[in-house]
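Enquirer: Model the structure of this input:
(2 chains)
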Amino acid sequence: MALADARAICPDLATRPADLAREAAALAGLRRWAGRYAPMVATDGVDGLMADISGVPHLFGGESDLRDDLQARLERAGLHASSAIAGTRGAAHALARHGGGIVADGQLAEGIGHLPVTALRVDHDTAEALARVGLARIADLIPLPRAPLARRFGAGLVLRLDQALGAQAEPVAAEPDAPHFGVRMTLPEPIGLQSDVMAGLERLLERLCAKLAQHRMGARRVRLELRRVDRGTAQVEIGLARPMRDPVRIAALFAKGVDEIDSGFGIDGLRLSAPVTEALAPEQIGGQIGGSATIRHEDALADLLSSVGNRIGFDRVLRLLPATSLIPERSFLLAAAAYSAPEPIPHRAGSKRPITLFPPEPVTAASGTPPASFRWRRMRFTTLRATGPERITPEWWFDDPAWRSGLRDYWQIETQEGPRLWLFVTPQATGAQDWFVQGEFA
Amino acid sequence: MTSAHVQPYAELCVTSNFTFLTGASHPEELITRAAELGLAAIAITDRNSVAGVVRAWSALKELARLRDEAQATAEAAQDGPAIRSQRVTDHSSRQTVPHFTGATSALAQNDAPLPKLIAGARLVLTDSAVEWLALPTDLAAWSRLTRLLSLGKRRAPKGECHLQRADLAEWGQGLILIAMPPDPLEDAHPKTARSDLLSVARTFPGQCFLGAAPRYDGRDQARLDQLAVLAQGVNLPMVAVGDVLMHRAARRPLADVLTCLRLGCSIDSIGERRLANGERRLKSGAEMARLFHRHPAALRRTVEIADRCAFRLNDLRYQYPDEAQDGEPAQDRLERLARAGLHWRYPAGPPPKIVHRVEKELTLIREVDYAPYFLTVHDIVQFARAKGILCQGRGSAANSVVCYLLGITEVPPESITLIFERFISKERGEPPDIDVDFEHERREEVIQWIYDRYGRERAGLTATVIHFRSRAAIREVGKVMGLSQDVIARLSGQIWGWSSAAPGEDRLRDAGLSIEDRRVQLAVQLIGEIIGFPRHLSQHVGGFVITRGRLDELCPIENAAMEDRTIIEWDKDDIDALGLLKVDILALGMLTAIRKAFTLLADHRGQQLTLANVPPEDPPVYDMLCRADAIGVFQVESRAQLNFLPRMRPRKFYDLVCEVAIVRPGPIQGGMVHPFINRRMGREPVEDLGPALMEVLARTYGVPLFQEQAMQIAVVAAGFTPSEADRLRRSLATFKRMGTIGSFRDRFVSGMLSRGYDADFAARCFAQIEGFGSYGFPESHAASFARLVYISAWLKCHHQAVFTCALLNSQPMGFYAPAQLVRDARDHGVEVRGVSVNHSVWDCTLEPRPDGGLALRLGFRQIKGLREEDAGWIAAARGNGYPDVESLWRRAGVHPDTLERLAEADAFAAIGLTRRDALWAAKALKAPAPLPLFGPDGEGGVEPTVSLPQMTLGQEVIEDYLSLRLSLRAHPMELLRPHLPESLPHDRLGSAKGRVTITGLVITRQRPGTAAGVIFLTLEDETGTANVIVWKQVYEAFRKAVIAGRLVRVTGRVQRDGPTTHVIAERVEDVSHLLATLGRPVMIDANDGRADETKRPAGGSIRSNAHHPREQAKKLFPSRDFH
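Expert: Next up is the predicted model:
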């Protein structure tokens, strides 16, 4: 059902956009938990788990007790689940999605015969074609000779049927765990000197970066946890302006944080982890490691952004990005430099824009159009030359509070006093205050 | 305006909305605004097109008329001219009604003379960045402009125009050419622009100018200065132009939306491509003077140029082909043919009245010189006759005896009252209008013959301007404004067919949209504004313009979307406004059906019938019509007509003429139906109106039914001249809109009083004429149609099987779907046989029965998705019949998909295969072709047989409907009846009283324009049909069920009106979901006993479970909806 249909039926319907990534993460978490029931648990589609429980049920007191235990635990966790146990993967899949239950050994055909053919993991077209000739249930398919069936509906259907009935093997394969980027070091003797910590950090970094390189990843955040002998911990975390796995340059960013650590009675354990990582393809590293031969421009910029960002916060280091709008203040975007890629500002046709742009500041004692003289920032200006007007109307589909006063006529004003200002007037506004300065030309 | 000094200014660069998806104002709006601003002249210059100029010209004419009238009556407030694009023709009533947006603002009165209109075009060349405004100075220049445009359009695909500098150099003589160079401040290649300017300026010295348009972007002075320097350099005098896109700045949002549609982006991604400001609007002379204060000469030149452009659209002297043949002048030839016709039509010698009448008509035709026009139509009809294509003239042409004698019309002139003035009037100066209907399947032959005979440069179809209607407007504007796809689909899905109103609040709520949302408000407002905007040109259904000289010297010709068709840029109304003659080559499905029926009769019964020799005045035919047994009969099969027939009780041909004419908006609104019926049934005496009027009205019991009668009353009783009366009829609608009908009423009533009629009677007569408007049929037209009514009724009465077969083979046409036609045939005892691979061909056929009757065999054409070519192969390779599915595949060589379609249609039943068995066999062949080695012929051996589950009756019916749209097995309602115990079968409605509940498939929905907001539903169940009337309030409450329901349950009161029974709906429920249960309602029981498990129907209830049941039902049981 389309959302609009649902809304029309129930106007107060609460809706949330689907978050596929979080759903997948939740399923992965559930998969790890389900390890308590079987060594081999795999995800089954986007909404199911498949466990190979061979040899397990007696630990729980039998298949039905195991299933009850599973259902009860999930229910307590607030999850509604439907589960089935069967001799084959296909049969369990089919039954779990059509009510659930347990198929007794050797009774596969009876156990799933009443289910519709769609339960067999066949595509929609095949299921529809089967329905057209009246084969709606799995039981209708089972007695049929396989050859004519395969000829008409393809080998896939027969394979799925055989898998469900156990004539074809279909093992459950567990999926590999995601790599963990963390290394630790325990020290026999406590250390307290900054240089010692840095030395330990360098050795940890070597290992962490090797691991990152192995998985072709780069760190965006690196966290150093220090365990003191008195069981207290200290923590230093740095951000990186771009994914990175170069130990030397990462270490340099730690220097300031490590400097501020109170080592107390000494530190006897270090743990280094990369909580945020991004893919980073293998790349050629300029110069020799440790040497200062060549540092590429973007690396240098990234280092600068990293060090500035670690001091004042990455959300305060901004860069300008182009935007297409005729409204001056929306003709560019400000974006956090560490989380955006630079883009060239395209050539813009039309009249000149000032070098600095600020929120409109009212002008007093303006006389005439364009004003022959006016006061701005408590200074008096006399107009030498005025060019304009450039008429800009608000973007009508976008309600911008700053533009509620209607269209603006912009003028470039050269003043006798020197500054070249960008003034505008709002002829449609109702108030008395009409003239504003919005920018200054170079 | 208070300023004493008015700056004269002529706007020479205006883009109207006939530059599709660019201009944001109608030509009418531009003209009105120009008049308000007091401009000296306005040029309409659309991009490579002159499509909008006639509308502008008509608007200007209307303005002049309004001004004269205002001066005469000293009335202050007046409407502006109506915008034609914003008016729609209601299809059921043929009334023209304004959109809700059609409010034109009152025209501000000023005393300045009206602006002069310059018809021009903006030439955009493919090989130059410089665009040229081309303004013709005289008729010859106009012809060169249209030939230039035709040249560019004929060599480009539809809707485009490819012109080059060389073409301009060849055809530019006599045109004022104003260059629109790229912006000198931004131009990357100033040298190329300069050389382009120079080359054209050298070719046409003294004709060329340089246009300078302010942009209001802060650099206008610099730009104008630079353009002035450029103008000096290339020696082109500079001219001020506005480069206008809209008539007022308020159209800026719409202009941005149009930009989005053109560029295919949304409003959020339009970026810098929007209009920075609303300055591309029409400006007054004073404002332009302010902008060009440093270049006053540029402003002065606009007026000089406007003065040089002497061409006016009135100058288009239209020359009709002379149609002289073998040195015989047209008039002589017409007279010879007419006299020959006298002998042919009246073998026993013509009555003197007719001879006299012919002479009178011929004299008038000679005076106004229309003989060639008659000959053209005569020749077309002759051609069609020679090819065996049925045709018949309709409309006012049947008022002419000459048309009858030439064989154009078939209605004997003595059977109706003839008013030649209705057809041609000397005073009116308007061309006559002969419409000829042809068989719809063979009309293309006639069209191509006309192209062949006159050549493409002399004959062209008129265009139809396709406007934005509700659906398209919602879809396109919604997309631009960022509404989601499903919301748009819902919004547009609630629109009745051709509606042209923006969605209202309740509609928005239904679609799940919040009305408070600003975006939604904007979208709705823009949807309302864009409705009525032209979108592209399409071809008119059959209006031909034919000229003696070159047609492309009159108007540009372009390629149509259909192959081998060329159209001109103007539509029917433009042609009328300019007084050009047009021949309407119309298509009529019933003629096709009648021709097919005649052929079948000749084949099976040896009867040679033509339109002329069908036995006339046959009582059984009238008996049948009196029973309202008229499904499939031409014109009288609609709900209103079926209701009317038993009351009318037609007994002779003239009754049919009345029948056709009376169920029309005019007579209904004029309140003529009830007096007519009452007088006809003798319940009310026919009042004596005096001998003069009784001569006019006696045949219709003193009630005026036809347009002619309304005119004649005015002539006979009120002393109007015939041409005055005709003008009264034609302009009634306008008068009513303008509120100026009063003077006519006074004149009419006083005219009647002075002739001794009663004042009360005079007022009533006028009220009737008023109610009439122009929406009644002329008697001649009704008579033409009544002939087809009689012939089709005769066929139905005596040869039901033949008639149904011919109707099925002429689909799509008429009011009823094949299911209803087949059902009607079976109700009349015709045996209908299913589609069979061993018996059917593409068309439905007739098979002799042992008892001498004829059985109807459905043809392959009934199977959805089957191609005619495949059907041909199947029939050709059939031999003694196909023994099995595979032999058909091998012998006929059709694609396995076709086999599946045949199997689904149960076409293999004749060879003993059930639907599923056949499908099973067909599926086997669909796989990659099996090598013969493994097939039954080779070593593969015989495939093991399988036994498939039997289908239930419900499934068979559903499958029948899916594949054939009809079922010969059972009606779906028959199977659903146990689930609907409360519903009364339709055949018991006749004896029911009070409140009842009925359920049925919706077969037709009608919302006639005459009955305000009332909807008529026709429901069908296994026992018959029921008529449901849904009043407006009930409709509002159950809107969705009424519009979208396929199977509906209606609760309401029974109302009996003579022999017909209606149900007045009080409650309408959509129970379409029940149809889905007919298929395969397999429910899965959860086997672990958990009560909260969801039960799902398995295997898909009908074919696919991906859709909402209602969607399925919509596809399964389509209704025919009329609006």
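Enquirer: and the residue in the stretch 301-450 of chain B that chain A sits nearest to, how many neighbours does it have?
Expert: In the stretch 301-450 of chain B, the residue that lies nearest chain A is B:T302 (22.8 Å; CB to the nearest CB). Using the backbone N, CA and C atoms, a C-beta is placed for each residue, glycine as well. By other CB atoms under 10 Å in any protein chain shown, the residues close to B:T302 number 29.
Enquirer: need the contact list for B:E659.
Expert: Contact analysis of B:E659 by CB atoms under 8 Å, 6 or more residues apart in numbering or on different chains lists B:636, B:641, B:644-645, B:648, B:650, B:786, B:789.
Enquirer: who does B:D1070 bridge with?
Expert: B:V1048 (DSSP bridges).
Enquirer: thinking it is in contact with B:A1044, fair?
Expert: Yes: counting by CB atoms under 8 Å, B:D1070 does reach B:A1044; the two are 6.8 Å apart.
Enquirer: near chain A, which residues of the stretch 451-600 of chain B?
Expert: Counting by CB under 8 Å from any CB of the partner chain, the residues of the stretch 451-600 of chain B close to chain A are B:481, B:484, B:486-487, B:489-490, B:509-512, B:518-519, B:522.
Enquirer: List the contacts of the residue lying closest to the residue of the stretch 301-450 of chain B closest to chain A once chain neighbours are set aside.
Expert: Residue nearest to B:T302 in three dimensions, not counting chain neighbours: B:A10, with 4.2 Å by CB to CB, 6 or more residues apart in numbering or on different chains. The contact partners of B:A10, taken as CB under 8 Å, 6+ apart, are B:39-43, B:115-116, B:118, B:302-303, B:305-306.
Enquirer: Can you flag which of the residues of the stretch 451-600 of chain B next to chain A belong to strands?
Expert: In strands, judged by DSSP state E, none of those are found.
Enquirer: Could you identify the most distant pair in those residues?
Expert: B:A489 and B:R518 (22.4 Å; CB to CB).
Enquirer: Comparing the two, which residue is more hemmed in?
Expert: Counted by other CB under 10 Å, B:A489 and B:R518 do not tie: B:A489 has more neighbours, with 17 against 11.
Enquirer: didn't A:E23 look like it was pressed against A:V46?
Expert: Yes: with contact defined as CB under 8 Å, A:E23 counts as touching A:V46 (7.1 Å).
Enquirer: how near is B:V14 to chain A?
Expert: 20 Å (CB to the nearest CB, to the nearest Å).
Enquirer: Does that residue touch B:R47 like I think?
Expert: No: with contact defined as CB under 8 Å, B:V14 and B:R47 do not form a contacting pair (11.5 Å).
Enquirer: picking up where we left off before, let's have the contacts of B:E659 in JSON lines, adding distance to B:D127 and neighbour count.
Expert: Shown next, in JSON lines, are the contacts of B:E659 (distance: CB to CB, whole Å; neighbours: other CB atoms under 10 Å in any protein chain shown):
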{"residue": "B:V636", "distance to B:D127": "61", "neighbour count": "27"}
{"residue": "B:Q641", "distance to B:D127": "60", "neighbour count": "21"}
{"residue": "B:F644", "distance to B:D127": "65", "neighbour count": "20"}
{"residue": "B:L645", "distance to B:D127": "66", "neighbour count": "26"}
{"residue": "B:M648", "distance to B:D127": "68", "neighbour count": "24"}
{"residue": "B:P650", "distance to B:D127": "68", "neighbour count": "23"}
{"residue": "B:A786", "distance to B:D127": "60", "neighbour count": "28"}
{"residue": "B:V789", "distance to B:D127": "60", "neighbour count": "26"}
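Enquirer: that older thread, does the residue nearest to B:T302 have any beta-bridge partners, and if so which?
Expert: B:A41.
Enquirer: Give me the pLDDT for it.
Expert: In this model, B:A10 is scored at 94, pLDDT.
Enquirer: which residue does the stretch 51-200 of chain A bring closest to chain B?
Expert: A:P116 (3.1 Å).
Enquirer: How many neighbouring residues does that residue have?
Expert: 24.
Enquirer: got the phi/psi numbers for it?
Expert: phi -70, psi 160 (degrees, to the nearest 10).
Enquirer: what do you get for A:L320?
Expert: Residue torsions, per degrees, to the nearest 10, at A:L320 are phi -90, psi 130.
Enquirer: so who does it touch?
Expert: A:L320 touches A:332-334, A:345, counting by CB under 8 Å, 6+ apart.
Enquirer: Touching, B:D196 and B:R165? I think so.
Expert: Yes: contact criterion CB under 8 Å: B:D196 and B:R165 qualify, at 6.8 Å.
Enquirer: Neighbour count: these two, which is higher?
Expert: Remark: of B:D196 and B:R165, B:D196 carries more neighbours, 21 against 18, as counted by other CB under 10 Å.
Enquirer: tell me the helices in the stretch 1-150 of chain B, going along the chain?
Expert: B:27-37, B:53-73, B:139-154 (DSSP state H, counting those that start in this stretch).
Enquirer: One more: chain A?
Expert: A:3-9, A:20-33, A:57-60, A:63-76, A:89-96, A:108-112, A:124-132, A:138-141, A:146-153, A:155-165, A:194-214, A:247-259, A:297-312 (DSSP state H).
Enquirer: Same question for the stretch 151-300 of chain B.
Expert: Going by DSSP H, counting those that start in this stretch, the stretch 151-300 of chain B shows helices at B:165-171, B:190-203, B:220-234, B:252-263, B:285-291, B:296-308.
Enquirer: Most tightly packed of those helices?
Expert: helix B:252-263 (a mean of 20; mean count of other CB atoms under 10 Å in any protein chain shown).
Enquirer: Show me what that helix is packed against.
Expert: Packed against helix B:252-263, as judged by 3 or more CB pairs under 8 Å, 6 or more residues apart in numbering or on different chains; DSSP states H and E, are the following elements: helix B:470-480, helix B:518-530.
Enquirer: Only C-alpha atoms, please: export the helix or strand just after the last one in PDB.
Expert: I take that to be helix B:518-530. Downstream of helix B:518-530, the first helix or strand assigned by DSSP states H and E is strand B:534-546. C-alpha atoms of strand B:534-546 as PDB (Å, rounded to 0.1, in the frame of the first residue of the first chain):
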ATOM      1  CA  PRO B 534      -1.200  25.600 -24.400                       C
ATOM      2  CA  ARG B 535       1.300  22.700 -24.300                       C
ATOM      3  CA  HIS B 536       1.700  21.700 -27.900                       C
ATOM      4  CA  LEU B 537      -0.100  21.600 -31.200                       C
ATOM      5  CA  SER B 538      -1.800  18.500 -32.300                       C
ATOM      6  CA  GLN B 539      -4.000  17.700 -35.300                       C
ATOM      7  CA  HIS B 540      -7.600  18.400 -35.500                       C
ATOM      8  CA  VAL B 541      -9.900  15.400 -36.000                       C
ATOM      9  CA  GLY B 542     -10.500  16.200 -39.600                       C
ATOM     10  CA  GLY B 543     -10.800  19.900 -40.500                       C
ATOM     11  CA  PHE B 544      -9.100  20.500 -43.800                       C
ATOM     12  CA  VAL B 545      -8.100  23.900 -45.200                       C
ATOM     13  CA  ILE B 546      -7.600  23.900 -48.900                       C
END
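Enquirer: Count the residues that sit near A:G418.
Expert: The burial count for A:G418: 8, using other CB under 10 Å.
Enquirer: any idea how far A:A442 is from it?
Expert: Separation of A:G418 from A:A442 (CB to CB, to the nearest Å): 12 Å.
Enquirer: ok, now which ones touch B:Y790?
Expert: Applying CB under 8 Å, 6+ apart, the residues near B:Y790 are B:614, B:616, B:621, B:653, B:656.
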